[in-house]
Every structure is written in C-alpha cells, then in structure tokens.
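Participant: Sharing a model prediction with you, sequence too.
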Amino acid sequence: MSSTHTSEIKFQVELDENRVPEKLFWSAEDGGVTTEEAKAIMLSIWDSNHKESMRIDLWTKDMPVDEMKIFFHQTLVAMSETFKRATNDEKMADTMMDFCDYFAEKLELKK
C-alpha cells in the first residue's frame, strides 16, 4: 500500500475598507516558501464536472502598470510552455510563442 502526501498552498489577502487588495501573501511549505509578499496572483482551476475554467485574478492597488505588463507577458510565455508539455502540440505552442513575442514587441518589453 502506498502512502500519500498532502501539500498545501495558501494565499492571504489583506483588503482595504472597499475590499480592494492592499497586500497579498502566499506560502507553499513544500516549496520552501513561507508568507512571501506578492503584488499579483493569477490562478486558474479546471472544473471537470462543468468543463470550464475558473479564475482568481488579484493585484494590489500599488501594483505598477509596467510590472503588470511584464507579469502578463511572463504568464503568457509560461502558459505556452505548459501547453506544449501538456499536449505535445508543438505547432500550436510555437504559434502561442509567436504571439508572446508580438505582445512583448507592442508593449516594448524586449530590449
């Protein structure tokens, strides 16, 4: 009989009086992360019963716009890489990466 292990990832959100995030923290003890501050979180969850994704997108009110653009670009690149690993569809992954390059160019992220 195999033993199982449970791993936990936690998010803590401090809100202002209007329920707008002021501070975000995350912890993942198995990854060696304990109460690290973040400025933005994008989390996608697949609901296989309804065949749809659910999202949690949060950012603090002091998240700089220029950093948000970089965050989005890096997230799109990561999604492209994950898509390739998960589906082995190199042609579509390459197309997605082409869009990431276009995105970075239009936002003048690449030097």
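Facilitator: Structure received. This structure is a prediction, so every number in the text was calculated from the model and none was measured.
Participant: List the beta-bridge partners for the residue positioned nearest the centre of the chain.
Facilitator: For the chain, the residue nearest the mean C-alpha position is residue 42 (3.9 Å; Cα atoms, centre = their mean). Taking DSSP bridges as the rule, residue 42 bridges to residue 57.
Participant: surely it meets residue 55?
Facilitator: Yes. Contact criterion Cβ atoms under 8 Å: residue 42 and residue 55 qualify, at 7.2 Å. In this view, the C-beta of every residue, glycine as well, is placed from N, C-alpha and C.
Participant: Let me see the ranges of the helices in this structure.
Facilitator: Taking DSSP state H to define them, one finds helices in the chain at 65-87, 90-106.
Participant: Taking helix 65-87 as reference, get the angle to the shortest one.
Facilitator: Helix 90-106 and helix 65-87 are oriented at 170 degrees to each other (axes from the mean of the first three to the mean of the last three Cα atoms, to 10 degrees).
Participant: just how off-centre is helix 90-106 within its chain?
Facilitator: 18 Å (Cα atoms, centre = their mean, to the nearest Å).
Participant: So, low pLDDT: which residues of this structure?
Facilitator: Counting by pLDDT under 70, the chain contains low-confidence residues at 1, 111.
Participant: same thing but at 90, please
Facilitator: 1-3, 110-111 (pLDDT under 90).
Participant: just to revisit the earlier point, could you measure from the residue nearest to the centre of the chain over to residue 34?
Facilitator: Here residue 42 is placed at a distance of 21 Å from residue 34 (Cβ to Cβ, to the nearest Å).
Participant: next one: residue 26
Facilitator: In terms of Cβ to Cβ, residue 26 sits 9 Å off from residue 34.
Participant: who has more neighbours, the two?
Facilitator: Ranked by neighbour count (other Cβ atoms under 10 Å), residue 26 and residue 34 place residue 26 first, with 17 against 11.
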